[in-house]
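K.L.:
Following is a predicted model, sequence given first.
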Amino acid sequence: MAIDLAKIAKERKIKYFLISFVDLFGVLRAKMVPARAIGGMQKDGAGFAGFAAWMDMSPADPDMFAIPDPKSLIQLPWQPEVGWLAGDAWMDGRPVEAAPRHVLKRQIGDAAKKGYRMKTGVECEYFLIQPDGKAISDPRDIQEKPCYDQAALMRRYDVIREICDSMIAMGWNPYQNDHEDANGQYEMNWDYDDCLVTADRHVFFKYMVKTIAEKHGLRATFMPKPFADLTGSGCHAHASVWDKSGRKNLFFSAKGELGLSKLAYCFLGGVLHWAPALCALFNPAVNSYKRLNASTTLSGATWSPNAIAYGGNNRSTMVRIPDPGRFEFRLMDGAANPYLMQAGMLAAGLDGMANKRDPGKRVDINMYTDGHKLRGIKRLPENLLDALRLAEKSRFLRGALGDGFVDSYVKLKKREWDSYHNHLSQWEFAHTLDC
């Protein structure tokens, strides 16, 4: 039965709807629509000028319409008269090829044709900082190893509680909240679901955390490496592939190595094989590579991958096998576009399963101390420009995600790199002014 948003508005006393879309840079855009107009918007969508967002369009292009997905509706727990909706971008009667949500839905469609459904969960790490962004919010959070520090966690109880209460109210089934490895850093976990549901919730989670932090006079950031001496913020993704009914986990095998099927290892092989080019999606910011290629942090470990390898329950590798039937992909960071992150992972996994890619041997060493001893191991790109060049030349990414998407994404991201490259930093003045 079709979901009637106008009827829901009356039943739930929703006065306004935010019809949103996420652009290529992961920025959440929206229009606020009064409930009286939602019926027309549900049919025709809310109009946007794509050039005004990071969508690689021009002022001469026609309107882009975000058509809301009624199944994505979230009534804001802290502002229940407002409903949020994820929208699909259309132009001239066709989906916008480069729109991130459409890129993911196309991969979901490809998987469905093969009888597969990917289910995922994400671990979104973030910092609570001062409003000016110069320091963490809690000056007493100074332990060398602050991870799981109960006292520091409880000093931010009001913020964490409100976020967790909101997730409970929305039916996300959150199950744990903790202080993470860096001073001022936190993580909150909720149940996994179909990858589109997870991506929509990931988008909303980032908005929710920032909004609630502001309510409490603080600022939240998902920046990959906001402080040079502290552990960066990752966005680990747990993934498994199920049959089309969603009832049978095709990654699980009681007889398979570490409880994983041959199909699972092929999926893994695809992600490992294409990891260098996927960094453009998984690690999309200049700052991302200060997390990936960081020196040892205050706590003693960066907790981010430094090479392309997988292990068992081993947090020093790029991919961890924490339990039978699923993988934890640890490459992604807090800047990753929620839709493109899922799309890239699914596309690479589908390629791996189709081509029976071998992930190679498991690595059971500490990659931070002994990884340099391994011969022939592939390394990750050292900066955003290298990653973009790999993505631009990748026949896999072009074939899976579309030439239009790859060209637009690389074009805009290279423009961002140029902006960074043309900036004169204080380091340059300190080290070069008197040369």
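P.N.:
Done, it's in. Nothing here was measured: the structure is a model prediction, and the numbers come from that model.
K.L.:
Leaving out sequence neighbours, find the closest residue to residue 88.
P.N.:
Residue nearest to residue 88 in three dimensions, not counting chain neighbours: residue 67, with 5.2 Å by C-beta to C-beta, 6 or more residues apart in numbering. For the C-beta atoms, the positions are set from N, CA and C on the backbone; glycine is no exception.
K.L.:
what does residue 309 give?
P.N.:
In space, residue 309 is closest to residue 363, 4.4 Å off (C-beta to C-beta, 6+ apart).
K.L.:
Run through who's touching the host helix or strand of residue 106.
P.N.:
Remark: residue 106 resides in helix 100-113, with elements defined by DSSP states H and E. With contact meaning C-beta atoms under 8 Å, 6 or more residues apart in numbering, helix 100-113 is reached by 21-24, 26, 86-89, 95-97, 117-118, 195-196, 199, 241, 244, 337-340, 342-343, 346-347, 350, 400-402, 405.
K.L.:
Looking at the residues you listed, which are in strands?
P.N.:
Among the contacts of helix 100-113, the members found in strands (DSSP state E) are 21-22, 86-89, 95, 117-118, 241.
K.L.:
wait, isn't residue 317 in contact with residue 303?
P.N.:
No. In this structure, residue 317 is not within contact of residue 303 by C-beta atoms under 8 Å, at 11.2 Å.
K.L.:
who has more neighbours, those two?
P.N.:
residue 317 (25 against 22; other C-beta atoms under 10 Å).
K.L.:
hmm, back to that, now the contacts of helix 100-113: which count as buried?
P.N.:
Among the contacts of helix 100-113, those scoring as buried are 21-24, 26, 86-89, 95-97, 117-118, 195-196, 199, 241, 337-340, 342-343, 346-347, 350, 400-402, 405 (criterion: 16 or more other C-beta atoms under 10 Å).
K.L.:
can you pull the pLDDT of the residue nearest to residue 88?
P.N.:
On pLDDT, residue 67 comes in at 98.
K.L.:
Check the spacing between residue 380 and residue 294 real quick.
P.N.:
Taking C-beta to C-beta, to the nearest Å as the measure, residue 380 falls 12 Å from residue 294.
K.L.:
got it, and residue 4?
P.N.:
The gap separating residue 4 from residue 294 is 50 Å, by C-beta to C-beta.
K.L.:
With neighbour numbers in mind, choose between the two.
P.N.:
residue 294 (20 against 14).
K.L.:
For that one, what are phi and psi?
P.N.:
Dihedral angles of residue 294 (phi, psi; degrees, to the nearest 10) stand at phi -80, psi 150.
K.L.:
so it sits right up against residue 232, yeah?
P.N.:
Yes. Using C-beta under 8 Å, residue 294 is in contact with residue 232, at 6.6 Å.
K.L.:
Check the contact lists of the two and give me the overlap.
P.N.:
With C-beta under 8 Å, 6+ apart, residue 294 and residue 232 have common neighbours 225, 302, 304.
K.L.:
For the residues you listed, which single residue is the most surrounded?
P.N.:
Most neighbours among the shared contacts of residue 294 and residue 232, by other C-beta under 10 Å: residue 304, with 27 neighbours.
K.L.:
How confident was the prediction at that residue?
P.N.:
We have a pLDDT of 94 for residue 304.
K.L.:
same thing with the one 5 residues further on?
P.N.:
What the model reports for residue 309 is a pLDDT of 96.
K.L.:
okay, now it: neighbour count?
P.N.:
A count of nearby residues for residue 309, using other C-beta under 10 Å, gives 24.
K.L.:
where's it relative to residue 391, distance?
P.N.:
Going from residue 309 to residue 391 by C-beta to C-beta gives 21 Å.
K.L.:
buried residues in the stretch of helix or strand residue 40 belongs to?
P.N.:
Assigned by DSSP H and E, residue 40 falls within helix 38-44. The neighbour-count check on helix 38-44 (16+ other C-beta under 10 Å) flags 38, 41-42 as buried.
K.L.:
Can you list the neighbours in contact with it?
P.N.:
For helix 38-44, the external contacting residues (C-beta under 8 Å, 6+ apart) are 4-6, 9, 17, 19, 33, 65, 67-68, 70.
K.L.:
by contact count, what packs against the helix or strand that comes right after that helix?
P.N.:
Moving toward the C-terminus from helix 38-44, the next helix or strand (DSSP H and E) is strand 46-48. If contacts are counted by 3 or more C-beta pairs under 8 Å, 6 or more residues apart in numbering; DSSP states H and E, strand 46-48 sits against strand 28-34, strand 64-68.
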